[in-house]
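J.: here is a sequence together with a model predicted from it:
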Amino acid sequence: MSRKEKKIKEKKPRKPSALGRWWSGMDRSRRLALGRNVAWAVAGAVCAVAAVYGLKSLEHRVLSGQSAPAPEIVRVSIVNRPWWIPASLARAVEASITPQVAGFYDPDLTSTVFSLAQANPWISRVGKVSKHRTQDPRVGLVEVEADMRRPAAKVLHGGKHYYIDDQGFRLSDEQVPQWVVQVAATPPLPAGQACYANRADIPPRANASAIHYIVIDVGVFGTPPPVGQRWVGDDVADGLKLIQLVQKKPYAGQIATIDVRNHGNRLSKREPQIRMLAQAAGSGGKTTDIRFGRFSSAPDGVYVISDDQKIAKLDKYFADYGRLAGLNRYIDLRYDQMLVSTN
């Protein structure tokens with residue numbers, strides 16, 4: 001026997017490790033079950049990693065195609081823009097909710113646009129935000145579904161006017177629509193209306209009409225809120241409530257002011273808390289003081305006739321005379337029988 005063969009023959013067998021002894025001590029069924037569990041765990045980890053990279057790759061393929069480069073420009077559009085929004089206002093709102101630095105494939109793009117839209121004073125509610133490729137490969141489009149705040153009145157405070165919507169939220173004055181134009185039908189588009197914030201934007205020879213906003217006169221009471229915030233005060237809230245009662249009446253355009261300076265009898269207990277001032281063409285510049293009083297829902301329990309009764313009296317007056325302003329110095333709606341001044 002050679003020396004090499006002798007060394008091999010005399011080599012002692014290696015003692016099994018603790019893991020080996022644990023594994024060999026298991027019965028066959030347990031070894032099979034453990035092997036299956038380990039295999040499933042490894043497969044799950046591999047699938048999770050593949051899903052992360054696969055979904056990102058899928059988004060890129062769906063939005064851009066296999067080889068198309070990412071769009072260089074991100075454009076934001078309000079898809080359900082109401083007819084009364086001027087084009088200049090729409091552009092300003094869309095610019096304000098467009099991220100300054102964001103790529104089309106930025107995973108936070110739509111959430112960033114959503115947050116910017118929520119902060120815009122012209123948007124009351126943000127709906128779906130989605131992004132799409134356009135026919136121009138350089139431009140990526142983000143579409144936003146949103147409810148817009150429509151101007152409902154002007155508040156006169158300290159000699160200055162502030163625009164608010166029907167919930168009392170203050171709007172930026174320079175962007176409020178001021179003119180409405182009847183748009184002729186251009187098939188397949190039907191006839192309609194368009195609004196403009198600036199007279200210079202109105203097309204030549206278009207027949208434009210000024211939009212009538214009723215003024216809520218609060219005097220010096222309260223404090224104007226910043227743009228985008230709600231005007232705090234029951235006087236403004238009641239002024240808006242009265243506007244809602246008359247805004248669809250044929251005489252709404254003759255009501256120039258709702259005077260709430262004496263709201264809550266803060267100036268005088270003898271004068272009406274709320275009054276309307278009517279002024280109309282053909283009245284020679286004369287105004288008529290319409291004494292509404294206060295709402296029947298006032299909490300102190302003092303009886304006043306219902307709001308509907310007061311408006312019904314005003315309806316009858318208009319039906320009888322064809323206008324509210326210039327015929328009588330005042331119309332008092334606070335009592336069971338309507339009172340008017342004698343001329």
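T.: Here it is on my side, so go on.

J.: distance of residue 314 from residue 260?
T.: Distance from residue 314 to residue 260, counting by Cβ to Cβ, to the nearest Å: 18 Å. The C-beta positions use only the backbone N, C-alpha and C, and glycine is treated the same way.

J.: the two: who's more crowded?
T.: Between residue 314 and residue 260, counting by other Cβ atoms under 10 Å, residue 260 is the more crowded of the two (27 against 22).

J.: which residues touch the more buried one?
T.: Residue 260 sits next to 216, 217, 218, 235, 236, 238, 239, 273, 274 when contact means Cβ atoms under 8 Å, 6 or more residues apart in numbering.

J.: redo those as TSV? Include pLDDT and secondary structure.
T.: Conversion of the contacts of residue 260 to TSV gives the following (pLDDT from 0 to 100; DSSP: H, G, I helix; E, B strand; the rest coil):
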residue	pLDDT	secondary structure
216	98	strand
217	97	strand
218	96	strand
235	96	helix
236	97	helix
238	96	helix
239	97	helix
273	95	coil
274	97	strand
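
J.: compare the residues you listed and tell me which is most surrounded.
T.: Taking other Cβ under 10 Å as the neighbour criterion, residue 216 ranks highest of those with 30 neighbours.

J.: thought that one was touching residue 241?
T.: No: Residue 216 lies out of contact with residue 241 (Cβ atoms under 8 Å); the separation is 10.5 Å.

J.: all helices of the stretch 1-150 of the chain, in order?
T.: Secondary structure of the stretch 1-150 of the chain (DSSP state H, counting those that start in this stretch): helices located at 3-10, 18-25, 28-64, 87-96, 109-119.

J.: these: lowest mean pLDDT?
T.: Ranked on mean pLDDT, the bottom entry among those is helix 3-10, at a mean of 50.

J.: could you list the low-pLDDT ranges of the chain?
T.: The model of the chain has pLDDT under 70 over residues 1-68, 189, 282-284, 298-301, 343.

J.: any idea how it splits into domains?
T.: Domain assignment of the chain by automatic domain parsing yields the ranges 26-68, 73-148, 151-340.

J.: residues in contact with the residue nearest to residue 116 when sequence neighbours are not counted?
T.: Of all residues not flanking residue 116 in the chain, residue 97 sits nearest, at 4.1 Å (Cβ to Cβ, 6 or more residues apart in numbering). Contacts for residue 97 (Cβ under 8 Å, 6+ apart) come out as 76, 113, 116, 117, 120, 123, 144.

J.: could you redo the last one with a cut-off of 6 Å?
T.: Counting by Cβ atoms under 6 Å, 6 or more residues apart in numbering, residue 97 makes contact with 76, 113, 116, 117, 120.

J.: got JSON lines for these, with distance to residue 139 and neighbour count too?
T.: Output for those, formatted as JSON lines (distance: Cβ to Cβ, whole Å; neighbours: other Cβ atoms under 10 Å):
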{"residue": "76", "distance to residue 139": "11", "neighbour count": "22"}
{"residue": "113", "distance to residue 139": "15", "neighbour count": "23"}
{"residue": "116", "distance to residue 139": "19", "neighbour count": "18"}
{"residue": "117", "distance to residue 139": "20", "neighbour count": "23"}
{"residue": "120", "distance to residue 139": "22", "neighbour count": "19"}
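
J.: looking at these, which is nearest residue 203?
T.: Set against residue 203, the nearest of these by Cβ to Cβ is residue 76 (26.3 Å).

J.: surely the closest one and residue 98 touch.
T.: Yes: between residue 76 and residue 98 there is a contact under Cβ atoms under 6 Å: 4.4 Å.

J.: quick check: residue 287 touching residue 279?
T.: Yes: counting by Cβ under 6 Å, residue 279 is a contact partner of residue 287 at 4.8 Å.
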